[in-house]
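> Give the three-dimensional model of this entry:
(2 chains)
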Amino acid sequence: MAKPTDLVQGTLDLLILRTLALQPMHGWGIAQRIRQVSKEVLQVNQGALYPALHRLEQQGWIQAKWGESENNRRAKFYSLTPDGARYLRQEQAQWKRLSLAINHVLETP
Amino acid sequence: MRWHYKVSHRLRSLFHREKAELDLSEELQFHLENQIDEYIAGGMDAQEARHAAFRSLGGVEQVKEECREARKMNLVENFVRDMRLGARMLRRNPGFTVLAILCLTLGIGANAAVFSWVEGILFRPYPRVSHQERLVALSGTAGDEREQTSWPDLLDLQRSCTLCETVFVTSITGATLSIGERAEVTTGSIVSANYFDAIGVQPMLGRGFEPGEDIGRNAHPVVVISYHLWQTRFRGDPEIIGKSQRLDNVVHTIIGVAPERFYGTFVGRVMEFWVPVSMLEVYNAGNNKLEDRGARWAEAYVRLKPGVTRNQAQQEISAIAARLEVAYPATNRGRGIKVWPLWQTPFNHAGELLPVFEIMVVVAMFVLLIVCANVGNLLLVRSFARRHEMTVRLAMGASRGRLLRQLVTEGLLLSTCGAAGGMLVAYWCRHALGLLFPVRGGDVLYLPGEIDGRVLGLSAAVCLVVTLAVGLVPAFQTRHLALAETLKTEASAVMGARGRAWFRSSLVVLQVTLSFILLVGATLLMQSLHKIRTTSPGFSTTRVFDTWIPFVAAGYDAPSAKTFQDELIERIRALPGVEAASYARVVPLGYESYSSAPIAVDGYEPQPGEQPTAEYNEVSPDYFVTMGIPLVSGREFTRADDENAARVAVVNQTMVARYWRGQNPIGQRVQVKGDWLKVVGVVKDSKYYSMDETPRPFFYVPLRQYFAMEPAIHIRTTQPLETIQPALLREVHALDPNLALYEMITLEEQVNRSTSQQLVAVALVALFGGLALVLASIGLYGVMSCTVSQSTRELGLRMALGAGTSNVLGLVLSRGLLLTTTGIMVGIVLALLLTRLLGNLLYQVSPRDPLAFAAAFWVMALASTAACFLPAWRATRTDPIRALRAE
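Numbers count the residues shown, from 1 in each chain, chains lettered A, B, ... in the order given. Here you go, the predicted model:
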C-alpha cells in the first residue's frame, strides 16, 4: 500500500466541510467517507480529525448533535451550518483557482 | 446566524466544562470502537485490534488536549483573561483606582439618583398603583385659567368617553381624627367609589368602596384607613373592620385597611384615609357640590384604554366638553377639560417639581461628563506610564484591536465598580429629596425615588457610555504610539509643548468649562432664592402667626361659629404681648384658593370680549393692621361692617390702576355676584399665591358679610411661638374643650414653605456645582503635576541656566491658568446660551446676570490657582543636577 498522502491543515477543513455538505455525519464516518471517495489515496490522520472538527464547530461552520449510528451506538453527528455552507463555496472556488494555477505551472513546458 | 451558533457553543464550552469533557470522551470512544470493529473484521484478535486502534488515533489524551485547545480560541475566555489582567493592574495602583472609582461613583450615582427621583416622583409616582403609564390627570379650563372639574361633568365624561377605561376622582382633604382624648388633623382623600378598583389596589383587610357608595347625600359614612394609620393609631388591631371612628365629628365605619406601601395618589403627600364622595359635605364645610355642575372641586384621573395616546384622548374629551358647553351653557360656557400627563399633574407637587427635575437631569449629565473627562485623564496619565508596556506588546505582535479590548475592559471594570457604588448612592439618596422640604406639621411629606427596571436600565446605559468614553480615551493615545521611538527612549516633554499633551489639556478645558457653567447656574439660583426670601411679600412675616380651628368638624353651625369667633378674638387680644388679631378665610401663599368672581366696576367700560375678574379674601376687622399691609387711603373694615350694614370692599393698588386708572376709588362701587360693594379703602399690593407672581388686581370683603366657617386666625404679637401657642390653646379650650388647633406657624415659615421648590433647585445645583468644581480641580491638578514630572529635564535646564524660583513658578502657573482661562471663556459663551433654561426658576434675576458670572469666575479662578499651585511649587524644587544627570 502506498504511503497515504498527508493533508495540510486547510485542506482537511475543506474536505470535512465538503463531506458534511452531503449529509450530517460523525467523525468516524467522515474519515471513512474521505478515504473511500478519494479511492484510498487520502488517508485522514485520525489524530488531526477531531481537533479540526472542534475548531470548525468553534468557528460556527458546523454544529454537533448526538444521535444513533448505523450500528446503534450513540455518536456525535456534525452538520453544516448556513455559514459553513457559504464558507465552503468560497473555499472551493479558491481551491479550484489554486489547483488550476498549479497545474498550469506544472504542465507548461 | 453564525453568532448564534458561536455564542451558544462558546457558552456551553465555558459553563459546561464537565459535560464537554464527557462528550469528548464519548465521541472518541465511538471512534475507537468502530476502528476496533474494523480491525477485527480484518482478521486481528481483539487485544491486537484495541492496541492498533489506539495507535492509529495517535494517543487519546493528546487528541483530547488538542480538541480542548481548539475550543479555547474563545472570546469569552479572552475577556475573562483581560478582566483578570485589568483587575491586577487596578490593584497595583490603589490610589489611582480608588480615585477613579470614587469619581465614577459620584457621576453615575448622581445620574441614577436623579433618574430614580424622576421615576419615583414624576413617571411612576404612586407605589402599588397598576399601569401608571396609562394614567392621565384631568383639569378644567376656563380660557387660559386652570381649575378643577365638577362631579356631574365627570359622570358625563365617564359615560360617554370611549377611549377611557375609567375616570376616578380624588380630592385631598384634611380631617380631624379623634381617638380617645387625642384629636389630630390628618390628610386623606375624598374619592369616587370606583377608586380602589380603578387603580388596582385592593385593601389588605376588609373591602374597598362599592359602586353605590358615591350616591346619596352623606349616605355612606365609611372609611378605608391607611396601613400607617392602622399601625400607629389602632396598634394594628386585627378586629378593626366594622369599628367606628369619628372623622370631622361624624361617625364613620372602618371598612378597610389599605395595603402597606400604598400612599394614595397625591405626589408629595401620604394619604391616611379615604372616604367616598357622597361624604363630601362633611369635609367641604357644608356645601353639597355633587349635584352642582358649577362647583369645580374634583381632582380627577383617567386611565386610558391600552394603546390610546394622550392626543386621541384629548380630542375625544374636548368633543365631550364642547357638547357639555352646549347642553349646560349656564355653568359650562367657555369651559373645557384638559388632559395632563402624570408628570404635569396640575393639582399636586408634580407640576412644581417638573422644572427642577428638568434642570437636574441636565446638571447630572454635566457632572457625568466632567467625571468621564476626569477619569479619562487619569487613565491617560497612566497609559503614558504604561506606554512602554503597550509598545512592547505591539512589538510582540499583539494586534491593536487586542490592546484596545484590554483598555476597554479596564474601563468596564472601573465603570462597573463605579456603577455599583452609584446605585448605592442612589439607594441612599432616594428619600433625600423629602428632607429638603420642610416638614409640614402633622403631614408626612413623601417624595421617594424609585429604583426599578427602567432606572437600572438607564444607569446601565450610562455605565456603558462611560466605559466607552473612559476606555477609548487612552486607546486614542495608543493610536499614535510610534514603536521604535518609544522603545528607544523616554522622550522628555517640554513645558507647553504641543502634541501629546493637547488631548489631555482639552479634557481639562472641558472640565473647567462644564464646572463653570454649573457654578454660574448655582450662583444664579442662589441669587434668585435670596431675592425671593428677602423680597417683601407685602405683609410682615416675622411676628405674625397663623393657625386655624376646624369648627365644622366640632359640630358648629354658622351662628354658633360667629359667636365663638367673636369671643375668641376678644380673648386673644387680651393676651399679653398680642398687638392685633384677626380672621381671614385664606392665608396668603398657602394651598387654599381665594374666592374669585366676575366683577363690574362703575365707570369702567370693559373691552369687547373682556370679562373683568378678580380674586378676593374674606377678612375680619384689624386684618391689615395684623398683617402689616399698609393702608394707602380710606379705612379698614370695622365691626360695624357686618351683615346688616352696606356691603363694602377694600381694593389693592393694582386694581385701582387697572379699573380706576389710578383715580381715587373711595366711594366708587364694584359689583360682585350681583351685590354692589362700596370701596372704603385702598391697600398696597402684596403676594397672594406665590412669591414670584406678578401684581394682580385683588380686593377684600368683610368676613361678616361673606361668612366662612373656618377662617384662619392671624395674631401679631411680641411673644415667641412657645408662649403664644399654649396661650391660644388655653383660650380656645376655655371656650370649648373639644376643639383642636391646627399647626401654628409664622408667616415667615409660610413664605419659606411656598418657596421650597427653589430651595430644592438651589441645594441640588449647588451640591452638583461644588462637586464639579472639586472634580475639575482634581483634573487640573493631575494634568499639571503630570506635565511637571514629565518636563523635569527642561525645568532643570532652565534652573541651571539661572531661572529663579519665581520664574519656574510663573511658568507652571501660567500654563495652568491658560487652560483655566480657555475653559472659562468657552464656559462664559455656553453659559450665556444655557442659563435661559433656568428661566422659570429665576425670580427677578436675569439669566445673564453679570454678578453671577463674576462670582463663578472668581471661584473657578481661585480653585484652579490652588490646584496649579502645588505642582508649580513642586517644579521649583526640581534639583537641576539630578534632573540633568538622569538622562
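
> Show me where chain A has its strands.
Residue ranges of the strands in chain A, as given by DSSP state E, are A:25-26, A:62-68, A:74-80.

> Who are the packing partners of the second one?
Read that as strand A:62-68. On a contact count with 3 or more C-beta pairs under 8 Å, 6 or more residues apart in numbering or on different chains; DSSP states H and E, strand A:62-68 meets helix A:9-22, helix A:46-58, strand A:74-80. Bear in mind the C-beta positions are built from the backbone N, C-alpha and C, glycine included.

> Most tightly packed of the ones you listed?
helix A:46-58 (a mean of 21; mean count of other C-beta atoms under 10 Å in any protein chain shown).

> Which of the helices and strands packed on strand A:62-68 sits closest to chain B?
Taking C-beta to the nearest C-beta, helix A:46-58 is the member of the helices and strands packed on strand A:62-68 nearest to chain B, at 3.2 Å.

> That closest one near chain B anywhere?
Yes. Using C-beta under 8 Å from any C-beta of the partner chain, helix A:46-58 reaches chain B at A:46-48, A:50-55, A:57-58.

> Span of stretch B:176-187 from start to end?
Start and end residues of stretch B:176-187 are separated by 9 Å (C-alpha to C-alpha, to the nearest Å).

> oh sorry, the question was meant for stretch B:554-562
Start-to-end, stretch B:554-562 (C-alpha to C-alpha) is 14 Å.

> Nearest the middle, which residue of chain A would you pick?
For chain A, residue A:16 is the residue whose C-alpha lies nearest the centre (C-alpha atoms, centre = their mean; 1.6 Å).

> Surely that one and residue A:52 touch.
Yes. Applying C-beta atoms under 8 Å, one finds residue A:16 in contact with residue A:52, separated by 6.2 Å.

> Distance from stretch B:865-884 to the middle of the chain?
46 Å (C-alpha atoms, centre = their mean, to the nearest Å).

> For chain A, what lies in contact range of chain B?
Counting by C-beta under 8 Å from any C-beta, chain A sits next to chain B at A:26-28, A:45-48, A:50-55, A:57-61, A:63, A:66, A:69, A:71, A:73-76, A:81-83.

> Using the three-state scheme, assign the residue in the stretch 501-650 of chain B that chain A sits nearest to.
With C-beta to the nearest C-beta, the shortest gap between the stretch 501-650 of chain B and chain A falls at residue B:503, namely 38.5 Å. Following DSSP: H, G, I helix; E, B strand; the rest coil, we place residue B:503 in the helix state.

> ok, it to residue B:787 distance?
From residue B:503 across to residue B:787, the span is 13 Å (C-beta to C-beta, to the nearest Å).

> Of these two, which one has the most company?
residue B:787 (24 against 15; other C-beta atoms under 10 Å in any protein chain shown).

> My guess is the more buried one contacts residue B:815. True?
Yes. Taking contacts as C-beta under 8 Å, residue B:787 lies within contact range of residue B:815: 7.0 Å.

> Whichever residue of the stretch 201-350 of chain B sits closest to chain A in helix, strand or coil?
Closest approach of the stretch 201-350 of chain B to chain A (C-beta to the nearest C-beta) occurs at residue B:307, with a separation of 37.7 Å. What three-state DSSP gives for residue B:307 is coil.

> can you count the residues close to it?
8.

> Same question for residue B:505.
Counted with other C-beta under 10 Å, residue B:505 comes out at 22.

> Now do the same contact list for it.
By C-beta atoms under 8 Å, 6 or more residues apart in numbering or on different chains, residue B:505 lies in contact with B:783, B:819.

> ok, and the helix or strand in chain B with the lowest average confidence?
The helix or strand of chain B with the lowest confidence, counting by mean pLDDT, DSSP states H and E, is helix B:483-488 at a mean of 53.

> Listing request: residues of chain A with sub-threshold pLDDT.
Applying pLDDT under 70 to chain A flags the ranges A:1-10.

> what do you get if the cut-off is 50, keeping everything else the same?
Low-confidence segments of chain A (pLDDT under 50): A:1-5.

> For the longest helix belonging to it, what is the distance to the chain centroid?
Assignment by DSSP state H gives helix A:82-107 as the longest helix of chain A. Taking the mean of its C-alpha atoms, helix A:82-107 sits 14 Å from the chain's own mean (C-alpha atoms, centre = their mean).

> which helices and strands does that helix pack with?
Against helix A:82-107 (3+ C-beta pairs under 8 Å, 6+ apart) you get helix A:9-22, helix B:2-15.

> Okay, angle between that helix and helix A:9-22 too, please.
130 degrees (axes from the mean of the first three to the mean of the last three C-alpha atoms, to 10 degrees).

> List the buried residues of helix A:82-107.
A:83-84, A:87-88, A:91 (16 or more other C-beta atoms under 10 Å in any protein chain shown).

> which SSE is residue B:339 in?
In this structure, residue B:339 is located in strand B:335-341 according to DSSP states H and E.

> What residues sit buried inside that strand?
Buried residues in strand B:335-341, counted by 16+ other C-beta under 10 Å: B:335-340.

> Tell me which stretches of the stretch 351-500 of chain B form strands.
Per DSSP state E, counting those that start in this stretch, the stretch 351-500 of chain B carries strands over the ranges B:445-446.

> Could you list the low-confidence segments of it?
Using pLDDT under 50, the stretch 351-500 of chain B drops low at B:441-442, B:489-498.

> Between the two ends of stretch B:173-189, what distance do you get?
Using C-alpha to C-alpha, the end-to-end distance of stretch B:173-189 comes to 6 Å.

> any idea of the mean pLDDT in that stretch?
The average of the pLDDT scores along stretch B:173-189 is 75.

> Name the single longest strand found in chain B.
strand B:164-179.

> ok, it: who's next to it in the sheet?
Here strand B:164-179 is paired, per DSSP bridges, with strand B:182-191 (antiparallel), strand B:244-247 (antiparallel), strand B:296-304 (antiparallel).

> Buried ones in that strand, by neighbour count?
Under the neighbour-count criterion of 16+ other C-beta under 10 Å, strand B:164-179 has B:164, B:166-178 buried.

> tilt between that strand and strand B:335-341?
In terms of direction (the same axes, to 10 degrees), strand B:164-179 departs from strand B:335-341 by 90 degrees.

> In chain B, what residue lies closest to chain A?
Closest point on chain B to chain A, by C-beta to the nearest C-beta, is residue B:58, at 3.2 Å.

> Tell me who's in contact with that residue.
Each residue near residue B:58 by C-beta under 8 Å, 6+ apart is listed here: A:45-47.

> Mind putting those into JSON lines with distance to residue B:105?
What follows is the contacts of residue B:58, written out as JSON lines (distance: C-beta to C-beta, whole Å):
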{"residue": "A:45", "distance to residue B:105": "57"}
{"residue": "A:46", "distance to residue B:105": "57"}
{"residue": "A:47", "distance to residue B:105": "54"}
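
> Residue B:506 in helix, strand or coil?
Under the three-state scheme (three-state DSSP), residue B:506 adopts helix.
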